[in-house]
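Enquirer: Take a look and give me a structure for this.
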Amino acid sequence: MARPTRLEVPTGKGPGELVLERPTGTLRGVLVLGHGAGGGIDAPDLVAARDAALASGLVVARFLQPYRVVGRRAPAPAVQLDAAWLEAVGVVRGRRGLRRLPLVVGGRSSGARVACRTALAAGAVGVVALAFPEHPPGKPDRSRLAELDGAGVPALVVQGERDPFGLPPAAPSRRVVVVPGADHTLGRRGAPVVAAELPAFLDEVLGARHPEPAPA
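Expert: Coordinates of the predicted model:
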């Protein structure tokens, strides 16, 4: 695996940051991942997803939203998050050798919501939703399930059994894997589950597509 490439992403609300990593050998696709509301791109479940995707032959890009680049913890409004995310996806797709590869999007918590809301606009073939916040804690009446339902592509959801943000139900195009004993962080219990479940999901959404040689 080559050294990560860091890229600045100009957006209407300031620069975001991409960390782009390529596998060795042939390329099967691209995975773009976003972080949680107050977190970063080095969360254990995101790192586990990165490692599993790289081992499966995908280029992986993790995107840090502009508000986190400047050190704020409170997230920007959804419309700003979505716009910055799509700009980041465009930067990734513009890199040499990546435009024609199938795209999978995902993230944890807030990042999973952004990925679901924009999956069709991004041209994704699948969504990876880690700790999807189905509703605010203690407020099941304020469901966000419509975002997950509206992704429009197959989805893999990895959710903690004790997540106070709820547990999304499975659906015909959505597989939900419950991590026993885990909360919203997923933590040490979640990372190995992500690592175990993601390769099969990637095989499913990428199909039998022949890998392409990595650019020199």
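Enquirer: Skip the chain neighbours and tell me the closest residue to the residue nearest to the spatial centre of the chain.
Expert: Nearest to the mean C-alpha position of the chain, counting by C-alpha atoms, centre = their mean, stands residue 106 at 1.8 Å. With C-beta to C-beta, 6 or more residues apart in numbering as the criterion, residue 106 has its nearest non-adjacent residue at 3.0 Å, and that residue is residue 128. Using the backbone N, CA and C atoms, a C-beta is placed for each residue, glycine as well.
Enquirer: got any ranges where this structure has weak pLDDT?
Expert: 1-2, 208-216 (pLDDT under 70).
Enquirer: Longest helix in it, please.
Expert: Looking across the chain with DSSP state H, the single longest helix is helix 187-206.
Enquirer: in that one, what counts as buried?
Expert: 189, 190, 191, 193, 194, 195, 197, 198, 201, 202, 205, 206 (16 or more other C-beta atoms under 10 Å).
Enquirer: between these, which is closest to residue 47?
Expert: residue 191 (7.2 Å; C-beta to C-beta).
Enquirer: got a list of what the closest one touches?
Expert: 44, 45, 47, 48 (C-beta atoms under 8 Å, 6 or more residues apart in numbering).
Enquirer: Which of the three states applies to the second one?
Expert: Going back to what we said before, that points to residue 45. Of the three states, residue 45 takes helix according to DSSP: H, G, I helix; E, B strand; the rest coil.
Enquirer: re earlier: reformat the contacts of residue 191 into TSV and put distance to residue 88 and neighbour count next to each item.
Expert: Output for those, formatted as TSV (distance: C-beta to C-beta, whole Å; neighbours: other C-beta atoms under 10 Å):
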residue	distance to residue 88	neighbour count
44	22	17
45	19	29
47	18	16
48	21	22
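Enquirer: and which of those residues is nearest residue 170?
Expert: Checking the contacts of residue 191 one by one against residue 170 (C-beta to C-beta), the nearest turns out to be residue 45, at 19.3 Å.
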